[in-house]
Each structure stands twice: as C-alpha cells, then as structure tokens.
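Engineer: Take a look and give me a structure for this.
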Amino acid sequence: MIVENCNSCGIIQNMQAQRIYSNPIRHYYGDIVRILFVAGAVLIVLGLPVMTKIIGIPAIIPVVMVAILIITAGITNPAQRFSLQINVAISVIYFIVFGYTGWTLYEMQAGGFASFMNQLNAILFLFASYFSVKSLRGSIVPEK
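Structural biologist: Next comes the predicted model:
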C-alpha cells in the first residue's frame, strides 16, 4: 500500500517502482543476447564484400540479415515473451545458416577469412541460442 501524502514515502514509492520495473524473469539473459546479436551483425558487415563474392549472393541478403539482427536486439526485453521467442528463432536460424556456410566454405576449400568469419558467427549464434533459450525458459517456468 502506498501512502500518498507522506514526505518520507517517496523512498517507499521508489523502492516499489524498482520492484515493479526490475527484471521480472529470474533467468533473463537478454542483455547478453543483445550484445551477441550486435557483434554478429558487425561481423556480417565486415565479411559482406568477401562473402558476397565467394558465395555469389546478392549484397541485399546480408544487409537484410543485419537489419533483422539489429531490430531484434532493439526490441529484446524481459516484459514481452514474444521478443524472447523471436530471439530463440533468430539465434537458432542464424546458427544453422552460419554453421552450414562455414562448413561448406571449408569443403570448397575457400577457407581463410570467409570460413573463419562464418565459424565465428556460428559460435556467436550458438551462445545466443543458449542464452535465448534460457531466457525463454525462465519466462515460462514459474519460480519456486
């Protein structure tokens, strides 16, 4: 209960507001996922000229992938379970894409920078998948 006309009650109201707006999920790792998404987007941009040439894909595809990552990172928050579900989907899809592309480049003996960047992104999105799933699980499973 909050008392309205009390000078010292501002502290109590602040404490209650912090409790309401603090992280509602015990196992929330969205901040880590956000950092991994932005790092992955940076790596995609850095590898853009090489990857589009080696794989032969239009440059718009990696640019759209970067935009999806940045938008997803921007909307990530513990209050909306839907954003956590999107994080899981994006991180798993990107892990599969970069893991497979890295392996394909290795098999083609394209190696070097392109293969390294794809493997690095696969590892980033592997961790993003793990932390995304933990966050989603934390929002679904009730606390004891």
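
Engineer: Select the longest helix from this protein.
Structural biologist: Criterion DSSP state H: the longest helix present in the chain is helix 112-140.

Engineer: quick one: buried residues of it?
Structural biologist: Of the residues in helix 112-140, 114-115, 117-136, 138-139 count as buried by neighbour count, 16 or more other Cβ atoms under 10 Å. Where you see a C-beta, it was placed from the backbone N, CA and C, and this is true even at glycine.

Engineer: What separation do you get for the most centrally placed residue in the chain and P78?
Structural biologist: For the chain, V33 is the residue whose C-alpha lies nearest the centre (Cα atoms, centre = their mean; 3.5 Å). Separation of V33 from P78 (Cβ to Cβ, to the nearest Å): 11 Å.

Engineer: got any ranges where this protein has weak pLDDT?
Structural biologist: 1-25, 111, 144 (pLDDT under 70).

Engineer: Run through the helices of it in chain order.
Structural biologist: Under DSSP H, the chain gives helices at 9-21, 30-55, 60-75, 81-107, 112-140.

Engineer: got the angle for the last one vs helix 60-75?
Structural biologist: It stands for helix 112-140. Here the directions of helix 112-140 and helix 60-75 differ by 30 degrees (axes from the mean of the first three to the mean of the last three Cα atoms, to 10 degrees).

Engineer: can you give me the offset of helix 112-140 from its chain's centre?
Structural biologist: Chain-centre distance of helix 112-140: 8 Å, with Cα atoms, centre = their mean, to the nearest Å.
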